[in-house]
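Engineer: This is a predicted model, with the sequence first.
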Amino acid sequence: MTPDIHTLYSATEATWPPAATEVIGPVTIRDGAGGGKRVSAATVTGAVTLEDIDRAEAVMRARGQTPLFQLRAGQGALDAMLAARGYEVVDPVTLHLAQVAALTGEMPPRVSTFAVWEPLEIMREIWAEGGIGAARVAVMARVKGPKTGLLGRLRDQPAAAGFAAIHDGIAMVHALEVRAGHRRAGMGRLMMVQAALWAEAQGARHLAAICTQENAGANALYAAMGFRIAGTYHYRQKE
C-alpha cells in the first residue's frame, strides 16, 4: 500500500527527530537544538484557538526561539489564522516518493557509492561545505532504528554525502549534498540508487526525499528518477 501524506509526515519526524518535544494543548513544541526548521517548528493536531497560539508563542519566545509553525495538509484554517497574526510563509517543501523496487534495477559503478555508519570525517566535511553542520549531524545520531550515511566518489575523489533512515517501511533520504565541483555529473542519481539498494536490503518498500520547492535541481532529479510528488508542507514564522 502506498503511504499517505500523514504517514510520510510521521516518517519525516522519526527519521529526522527533534532533541525534545513539549505538548501544550493541541500544539507540539519542538527543541531542535540548532538542527534547523524541520526539528524546531511547532505543529498542531486538531482544533486550535487563538489562546492556544498565544501560549505556544510565549513558550517559544521564553526559550529564545522565533515563533515557527509547520503547516501540513488540511490545515488551511490554521494557515489563515497564522497569516492574520503576521506570520510569513517560509520554505515551502515538497515530499517525493517512489517504490524501492523501481530504483534498484541498476548498480552504481564499482567503488562509486557506499552506505556507511558512523559518518566518516570526509562526509562531515562535505556536509559542512553545504551548510549541514554539527547540529544537523547530531539529528542523525538521534535517529532510532535502521539508518546509514551515504558517501559518493567521482573520479577517485569524495564527491557527495547523504543520510537515510527507515520508519514504517519508508526509507527517507536527508542531507544529500553533492560538492560543487562534482555537480551535473549524475552523482545525485547514483546516491539515490545507493539509498534504494540499502533500503531494499533493510526490507523497506518505499524511498522518500524532502526538498524545498526553490531547489529546482533536486526537484528535477527526483522527477527524472520517477518519484511522484506525495504532498507538501510549509512553515509560517513571526519575527
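Structural biologist: Perfect, thanks for sending it. This one's a predicted model, so the numbers in the text were calculated from it and none came from an experiment.
Engineer: Now stretch 179-189: buried residues?
Structural biologist: For stretch 179-189, a neighbour-count test (16 or more other C-beta atoms under 10 Å) marks 179, 182, 186-189 as buried. Bear in mind the C-beta positions are built from the backbone N, C-alpha and C, glycine included.
Engineer: Report the mean per-residue pLDDT for it.
Structural biologist: What stretch 179-189 shows for mean pLDDT is 95.
Engineer: Can you give the domain ranges for the protein?
Structural biologist: For the chain, automatic domain parsing gives the domain ranges 5-95, 97-230.
Engineer: Take those domains and lay them out in TSV including distance to Q237.
Structural biologist: Output for the domains of the chain, formatted as TSV (distance: least, C-beta to C-beta, whole Å):
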stretch	distance to Q237
domain 5-95	5
domain 97-230	14
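Engineer: Figure out which of the ones you listed is closest to R236.
Structural biologist: Nearest of those to R236, taken as C-beta to C-beta: domain 5-95 at 3.6 Å.
Engineer: Looking at the buried residues of stretch 179-189, which two lie furthest apart in space?
Structural biologist: R179 and R189 (15.3 Å).
Engineer: so R30 touches A42, yeah?
Structural biologist: Yes - using C-beta atoms under 8 Å, R30 is in contact with A42, at 6.5 Å.
Engineer: check contacts around V193.
Structural biologist: By C-beta atoms under 8 Å, 6 or more residues apart in numbering, V193 lies in contact with 103-104, 106-108, 113.
Engineer: quick check: longest helix of the protein.
Structural biologist: Secondary structure assigned by DSSP state H gives helix 187-201 as the longest helix of the chain.
Engineer: any idea how far that helix is from the chain center?
Structural biologist: Distance of helix 187-201 from its chain centroid, counting by C-alpha atoms, centre = their mean, to the nearest Å, is 16 Å.
Engineer: who touches whichever helix or strand comes after that helix?
Structural biologist: In the C-terminal direction, the helix or strand that comes right after helix 187-201 (DSSP states H and E) is strand 206-212. Strand 206-212 has contacts (C-beta under 8 Å, 6+ apart) with 2-3, 8, 11-12, 38, 91-100, 103, 169-174, 176, 192, 195-196, 199, 218-219, 222, 227, 230.
Engineer: Scan the contacts of V193 and report the most crowded one.
Structural biologist: T113 (25 neighbours; other C-beta atoms under 10 Å).
Engineer: Does that residue touch L190 like I think?
Structural biologist: Yes - if you go by C-beta under 8 Å, T113 and L190 touch, sitting 5.3 Å apart.
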